[in-house]
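J.: My questions concern the predicted model and sequence given below.
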Amino acid sequence: MSRTIRYGIIGAGAVSDFHHVPGIQLDPRAELVAICDPDESLMQSRQQDWGPTRCCTDYRELAADPDVDAVIIATPNFLHREQALACVRNGKHVMCEKPLGLNFAESTEMYREAVAAGVRHMTAFTYRFAPSMRYVRHLLKSGALGVPRHFRSQRFLDLPETSWGWRQIRSLAGAGDLFDMTIHRIDFAQDLLGPITSVCGAIQQYAPRNVTADGSPCPASEVDDWSSLIGFFACGAVGVWEGSTLMKGHNNNGVGYEWAEINGSEGSAAYQLTDPNHVMLALNGRDLERTPVPEEFLKPAGSPRDPGAGKPSTVFRYDLVYELTSAILEERDAEPGFHHGAMAQAVADSVLLAFEKRSWVDIKASLDNGSL
Ligand SMILES: NC(=O)c1ccc[n+]([C@@H]2O[C@H](COP(=O)([O-])OP(=O)(O)OC[C@H]3O[C@@H](n4cnc5c(N)ncnc54)[C@H](O)[C@@H]3O)[C@@H](O)[C@H]2O)c1
């Protein structure tokens, strides 16, 4: 029996327009039926672009709507917890944007409540869905790279140094680059190599961001715009991460530069966001070579997306909705779930703790003694 999953979206801002609505529109099993945002003029213009839906300004109304099956939460970070709890308590399946909560405690509460409610839950860790990431994962898991030794992630953007809005207020965002960008890279590293057990790290703020894009003064940034960590994985590998939006020369039409690489005992493989349908691959003692991602890794099996259509660094993002819709219809867990969001948060929180204490943080010990 065919069934349509009726989606509601809380937060009609940039990421909903960029990923989630195109993902819903592409999947014949999904339909956008309701949106919620306090900005009524934004909702009006979304009706032109996304098609007509029910609209409300209070998320509780959407969370209780009996004609909504699943909700995508794409609001400022401080709202994720309360909105996700309202949705799962009303029996809605939920995809929530990253960072899942403002800290590990919030994220685990969200996970526990979603499990208790028996709904499907998903954290929107986008880059797991890049074709090259899916292929690097296969190469690693199939043993082609040998025993993993090193992981490295670099995410550089060259963006204007003006205000980030809610993203630069600590109580609304939690942290800056660390929670905005690096947390994705922590997640895919743990997906590839398993849990990170200890970290040290540092964050830094350079840009005051006390003017808006139109030159008006505004409250200054309270968060990092550069973040880094070194982490050991339980499997024995070691990783190094660096991210920043202040990397002059790395604008690249707004896409920036991203490189994530695994060096194993038998070979190396690297993913690049700017070239997601190829990997850089070195096997059998050869140097890294640009290698096409095989057909079966260009999208999840069954995805309605044409891998040849659209801008490669954008279109794989549409597969997030395909994953949640499939998980609901197939009555299985969605990947990545809220627990993956919580585990990435545990590592990100540990980076802040390590920097504050200027020492290494043992993640399991910190979870056990409640310091995270
Ligand atoms: N997965 C990714 O690749 C990715 C990319 C970008 C952003 N994000 C995440 O998505 C979230 C949203 O980011 P964005 O860039 O779209 O931000 P944005 O500021 O463009 O949009 C946020 C929207 O939420 C609305 N909003 C504010 N309070 C609300 C409330 N109480 N109820 C309903 N709506 C409310 C705002 O009016 C705005 O339209 C953040 O958590 C961010 O970290 C993830």
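T.: Looks like it arrived, so ask away. Numbering: from 1, shown residues only.

J.: So which bits of stretch 203-219 are buried?
T.: 203, 205, 207, 209 (16 or more other C-beta atoms under 10 Å). Every C-beta, even on glycine, is put in place using the N, C-alpha and C of the backbone.

J.: Tell me how far the first one lies from the ligand.
T.: To the ligand, residue 203 is 17 Å away according to C-beta to the nearest ligand atom, to the nearest Å.

J.: Could you do the last one as well?
T.: Applying C-beta to the nearest ligand atom, one obtains 15 Å for the distance of residue 209 from the ligand.

J.: So residue 49: helix, strand or coil?
T.: For residue 49, the assignment made with DSSP: H, G, I helix; E, B strand; the rest coil gives helix.

J.: residues in contact with the residue nearest to it when sequence neighbours are not counted?
T.: Sequence neighbours aside, residue 17 is the residue nearest to residue 49 in space, at 7.2 Å (criterion: C-beta to C-beta, 6 or more residues apart in numbering). Counting by C-beta atoms under 8 Å, 6 or more residues apart in numbering, residue 17 touches 46, 49-50.

J.: Quick one: residues contacting the closest residue to residue 101 other than its chain neighbours.
T.: Nearest non-adjacent residue to residue 101, counting by C-beta to C-beta, 6+ apart: residue 107, 4.1 Å away. Residues near residue 107 by C-beta under 8 Å, 6+ apart: 99-101, 338, 341-342, 345.

J.: one more time with 10 Å, if that's ok
T.: Counting by C-beta atoms under 10 Å, 6 or more residues apart in numbering, residue 107 touches 80-81, 84, 96, 98-101, 123, 338-346, 348-349.

J.: Near the ligand, which residues of this structure? Just list them.
T.: Neighbours of the ligand within the chain, by C-beta under 6 Å from any ligand atom: 10-15, 36-39, 42, 59, 74-77, 79, 97-98, 124, 126, 180.

J.: circling back to that earlier point, specify the local secondary structure of the residue nearest to residue 101.
T.: Assignment for residue 107 (three-state DSSP): helix.

J.: Disregarding residues adjacent in the polypeptide, which is nearest to the residue of the stretch 251-372 of the chain found nearest the ligand?
T.: At 6.8 Å from the ligand, residue 317 is the closest residue in the stretch 251-372 of the chain, using C-beta to the nearest ligand atom. Nearest residue to residue 317 in three dimensions, chain neighbours excluded: residue 19, at 4.1 Å (C-beta to C-beta, 6+ apart).

J.: tell me the pLDDT at the residue most central in space within the chain?
T.: In the chain, the residue lying closest to the centroid (C-alpha atoms, centre = their mean) is residue 125, at 2.8 Å. Listed pLDDT for residue 125 reads 98.

J.: State the helix or strand in which residue 122 lies.
T.: Assigned by DSSP states H and E, residue 122 belongs to strand 121-123.

J.: Might you calculate how far the helix or strand just after that strand sits from the centre of the chain?
T.: Counting by DSSP H and E, the next helix or strand C-terminal to strand 121-123 is helix 131-141. With C-alpha atoms, centre = their mean, to the nearest Å as the basis, helix 131-141 stands 18 Å off its chain's centre.

J.: now the strands for the stretch 251-372 of the chain?
T.: Assigned by DSSP state E, counting those that start in this stretch, the stretch 251-372 of the chain shows strands spanning 257-264, 267-271, 278-283, 289-292, 361-362.

J.: what would those look like in JSON lines with mean pLDDT?
T.: Output for the strands of the stretch 251-372 of the chain, formatted as JSON lines (pLDDT from 0 to 100):
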{"stretch": "strand 257-264", "mean pLDDT": "98"}
{"stretch": "strand 267-271", "mean pLDDT": "98"}
{"stretch": "strand 278-283", "mean pLDDT": "98"}
{"stretch": "strand 289-292", "mean pLDDT": "98"}
{"stretch": "strand 361-362", "mean pLDDT": "97"}
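
J.: Helices - which of the buried residues of stretch 203-219 land there?
T.: In helices, judged by DSSP state H, none of the buried residues of stretch 203-219 are found.

J.: Which one of the residues you listed is nearest to residue 271?
T.: For the buried residues of stretch 203-219, the residue nearest residue 271 by C-beta to C-beta is residue 203; the value is 24.0 Å.

J.: pLDDT of stretch 9-22, averaged?
T.: Stretch 9-22 shows a mean pLDDT of 98.

J.: in it, what counts as buried?
T.: Buried residues in stretch 9-22, defined by neighbour count with 16+ other C-beta under 10 Å: 9-13, 15-17, 19-22.

J.: Next step: those residues restricted to helices.
T.: When DSSP H defines the helices, the subset of the buried residues of stretch 9-22 inside them is 15, 21-22.

J.: The residue of the stretch 101-250 of the chain at minimum distance from the ligand: what's it in contact with?
T.: Residue nearest to the ligand within the stretch 101-250 of the chain: residue 126 (3.8 Å; C-beta to the nearest ligand atom). With contact set as C-beta under 10 Å, 6+ apart, residue 126 has these partners: 15, 18-19, 97-98, 133, 184, 187-188, 273, 316-317, 319-320.

J.: give me that answer again for 8 Å
T.: Contact analysis of residue 126 by C-beta under 8 Å, 6+ apart lists 19, 184, 316-317, 320.
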